[in-house]
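**Student:** Pasted the sequence and its predicted model underneath.
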Amino acid sequence: MDQLNAMRAFVRVVEVGTFTRAAELLDLPKPTVTKLIQQLEGHLRAQLLNRTTRRVTVTMDGAAYYERALRVLSEIDELDSSMASSQARPSGRLRLDVSAPLAIDVILPALPGFLARYPEIQIDIGLGDRPADLIGENLDLAVRAGEIQDQSLIARRVGEMLLVTCAAPDYLARHGTPEHPLDLETGHKVIGYRAAGTSRILPFTFATHKETIEVRGDYVVSLNEGTGYLAAGLAGLGVMQVPTFMAQEHIAAGRLVPLLTGWCTAPKPLHIVYPPNRHLSNKVRVFVDWLAELFARDDLIQRRSTLPSPCGEAA
């Protein structure tokens with residue numbers, strides 16, 4: 001028995017009420033439709049239809065089977081349609097939210113390669129450190145650091161952001177070099193980073209194999225966005241903890257000096273998140289795959305760093 005065609009024949013008979021009309025719509029001979037229904041009933045060992053010379057009605061078993069068969073056939077048709085559309089050339093507008101430093105340092109320099117491959121995609125990028133409302137703001141995806149709090153979102157982990165503690169040379173000339181994390185609470189200034197949407201200043205966290213320390217130093221300036229936070233550090237306003245992909249160039253040029261390199265700083269997982277649509281659009285699918293490949297090649301996101309390693313270990 002061709003069960004799929006038998007299910008289609010059964011559903012059509014139920015919907016139009018006669019074998020003759022169902023056969024016409026399915027472009028099949030009426031005896032074929034009749035045989036398919038009989039085979040289906042034999043397979044299920046249940047009578048699905050009551051037949052008279054004038055009309056066809058559905059049994060209780062048939063009504064229950066119709067509802068489930070309709071869902072199954074709809075899923076199959078939708079799956080076929082999504083696979084067909086996945087072969088089409090990706091196009092249309094794609095809306096992305098990402099932090100400014102990650103966009104500027106990692107994504108935008110590589111974006112010409114993506115657009116050369118998919119010239120019919122138009123990308124709208126929102127920059128910010130606050131967690132955007134993907135559904136409320138009609139966004140296709142976002143890149144987020146840290147643990148994902150909204151469990152309704154689909155999250156794909158693509159790496160992690162490592163933090164380095166550092167300061168500008170002129171700041172160290174004025175305040176000296178801290179030898180222990182607790183030194184940052186006496187005689188030093190830190191640059192405060194405020195959690196998105198709050199006035200809470202995030203502490204610095206340090207660890208060795210023996211202990212973990214949270215440091216809440218005094219600050220003269222706090223910010224809630226990564227690009228400004230880095231600029232404050234470069235201006236010599238205090239000690240900061242900043243992602244390695246933001247700091248490496250400045251450390252190599254001598255504009256920043258790594259500090260407390262014998263202490264670990266907790267890495268933040270990096271995720272691509274998108275709403276839980278049943279079928280990911282083609283443009284989003286190719287962009288998510290491209291971002292994952294891009295981050296996989298990035299030494300700093302994959303812990304292959306030329307910076308001094310946390311806890312003195314090889315990265």
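**Tutor:** Yep, it's here. Numbering: from 1, shown residues only.
**Student:** any idea how far I104 is from V164?
**Tutor:** 18 Å (Cβ to Cβ, to the nearest Å). Just so you know, the C-beta spots here come from the backbone N, C-alpha and C atoms, and that holds for glycine as well.
**Student:** and the two? which has more neighbours close in?
**Tutor:** Using other Cβ atoms under 10 Å as the criterion, I104 and V164 rank with V164 on top: 26 against 15.
**Student:** ok so the more buried one is a strand residue?
**Tutor:** Yes: counting by DSSP: H, G, I helix; E, B strand; the rest coil, V164 is located in a strand.
**Student:** quick one: it and V239 touch, right?
**Tutor:** No: contact status for V164 versus V239: not in contact, 11.1 Å apart, counting by Cβ atoms under 8 Å.
**Student:** So, low pLDDT: which residues of the stretch 51-200 of the chain?
**Tutor:** 81-88, 196-197 (pLDDT under 70).
**Student:** Helices of the stretch 101-250 of the chain, residue ranges please.
**Tutor:** Along the stretch 101-250 of the chain, counting by DSSP state H, counting those that start in this stretch, helices occupy 108-117, 169-175, 226-234, 244-252.
**Student:** For A63, which of those is the nearest?
**Tutor:** Nearest to A63 among the helices of the stretch 101-250 of the chain is helix 108-117 (50.6 Å), distances taken as Cβ to Cβ.
**Student:** From one end of stretch 159-171 to the other, what's the distance?
**Tutor:** 32 Å (Cα to Cα, to the nearest Å).
**Student:** Determine how far the longest helix seen in the chain lies from the middle of the whole chain.
**Tutor:** Taking DSSP state H as the assignment, the helix of the chain that covers the most residues is helix 60-86. Averaging C-alpha positions (Cα atoms, centre = their mean, to the nearest Å) puts helix 60-86 29 Å from its chain's average.
**Student:** Which SSE is immediately downstream of that helix?
**Tutor:** strand 92-98 (DSSP states H and E).
**Student:** Paired strands for that following strand, with orientation please.
**Tutor:** Strand 92-98 has the following strand partners under DSSP bridges: strand 121-127 (parallel), strand 141-145 (parallel).
**Student:** can you count the residues close to V221?
**Tutor:** Neighbours around V221, by other Cβ under 10 Å: 14.
**Student:** swap that for P267, please
**Tutor:** Applying other Cβ under 10 Å, we find 17 residues neighbouring P267.
**Student:** who's in contact with it?
**Tutor:** 160-163, 303 (Cβ atoms under 8 Å, 6 or more residues apart in numbering).
**Student:** Kindly report the same for V288.
**Tutor:** With Cβ under 8 Å, 6+ apart, V288 has these contacts: 141, 156, 272, 274, 280.
**Student:** what's the most buried one of the strands paired with strand 92-98?
**Tutor:** Among those, ranked by average contacts under mean count of other Cβ atoms under 10 Å, first place goes to strand 141-145 (a mean of 22).
**Student:** Okay, L141 and L294: tell me how far apart.
**Tutor:** 14 Å.
**Student:** my bad, should have said T59
**Tutor:** Here T59 is placed at a distance of 58 Å from L294 (Cβ to Cβ).
**Student:** More neighbours: these two, which one.
**Tutor:** A direct count of neighbours by other Cβ under 10 Å for T59 and L294 places L294 higher, at 19 against 15.
**Student:** Verify the stated contact: A155 with G146.
**Tutor:** No: using Cβ under 8 Å, A155 makes no contact with G146, being 11.0 Å away.
**Student:** ok so, going back, Serialize the strands paired with strand 92-98 to CSV and add fields for distance to I37.
**Tutor:** CSV is the format used below for these (distance: least, Cβ to Cβ, whole Å):
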stretch, distance to I37
strand 121-127, 47
strand 141-145, 46
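**Student:** Those strands: which one's closest to A195?
**Tutor:** Closest to A195 of the strands paired with strand 92-98 is strand 141-145 (Cβ to Cβ; 12.4 Å).
**Student:** Output the closest one as PDB - backbone C-alpha positions only.
**Tutor:** Coordinates of each C-alpha in strand 141-145 appear next as PDB, following Å, rounded to 0.1, in the frame of the first residue of the first chain:
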ATOM      1  CA  LEU A 141      19.000  37.500  15.000                       C
ATOM      2  CA  ALA A 142      21.400  38.900  17.500                       C
ATOM      3  CA  VAL A 143      24.900  38.100  18.800                       C
ATOM      4  CA  ARG A 144      25.100  38.100  22.600                       C
ATOM      5  CA  ALA A 145      27.800  37.500  25.100                       C
END
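**Student:** so S222 touches R194, yeah?
**Tutor:** Yes: in terms of Cβ under 8 Å, S222 counts as a neighbour of R194; the distance is 5.3 Å.
**Student:** what residues are shared contacts of these two?
**Tutor:** Joint contacts of S222 and R194 (Cβ under 8 Å, 6+ apart) are I201.
**Student:** Reduced to three states, what does the residue sitting furthest away from the middle of the chain come out as?
**Tutor:** Outermost residue of the chain with respect to the C-alpha centroid, by Cα atoms, centre = their mean, is T53; its distance is 58.5 Å. Here T53 is recorded as coil under three-state DSSP.
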